[in-house]
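Student: Structural data only, the sequence is not supplied:
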């Protein structure tokens, strides 16, 4: 890790492409683009357990639990987006996100190999405004590892997501949805 001052790492851009495919109950090998994104946010939240010694002095802090979720606001709110949220109950998804960074010389990619979508759209109807739809994805911790194609997205047990960055994008995973589902669901 080389943390330090670097002007090249300051200008990370938003936008990007968010693609999704169903793993179960109906495995689909094709990823589809969720469309124009207003904003996206990945949250990797740890519950911290504070540890004290016999005198009551604070001696350590450990992660007692972890919740990873991805929130995206879609700029389009047609029937396809509404149905995605309306029919999300009981389904598992594979998610891929890519965005150009650092003066368009690098690409950051995020793979969430097993997710659930928070079901139920929230639709707001107001005059003279743009209606958006929020999609919340909960990344689940896989109970086994998995070798993926491309290998940059190999799954490590209990790791809910993989992040990569490079000059050349890895692209969407090309392994079959059925093989991913069989290995980690």
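Tutor: Arrived safely. This structure is a prediction, so every number in the text was calculated from the model and none was measured.
Student: Just list the residues touching residue 43, thanks.
Tutor: Residue 43 is in contact with 67, 68, 69, 70, 71, counting by CB atoms under 8 Å, 6 or more residues apart in numbering. The way it works is simple: take the backbone N, C-alpha and C, and place the C-beta from them, glycine included.
Student: can we see that at 7 Å?
Tutor: Residues near residue 43 by CB atoms under 7 Å, 6 or more residues apart in numbering: 68, 69.
Student: Just list whatever residues bridge to it.
Tutor: residue 69 (DSSP bridges).
Student: Compute the distance between the residue in the chain sticking out farthest from the centre and residue 49, please.
Tutor: Farthest-out residue of the chain from its mean C-alpha position, per CA atoms, centre = their mean: residue 55, at 42.4 Å. Relative to residue 49, residue 55 is positioned 18 Å away (CB to CB, to the nearest Å).
Student: quick revisit: the residue farthest from the centre of the chain: helix or strand, and which one exactly?
Tutor: Of the helices and strands defined by DSSP states H and E, none includes residue 55.
Student: got it, and residue 178?
Tutor: helix 177-184.
Student: Could you do residue 40 as well?
Tutor: strand 37-52.
Student: Pull out the buried positions in that strand.
Tutor: 37, 40, 42 (16 or more other CB atoms under 10 Å).
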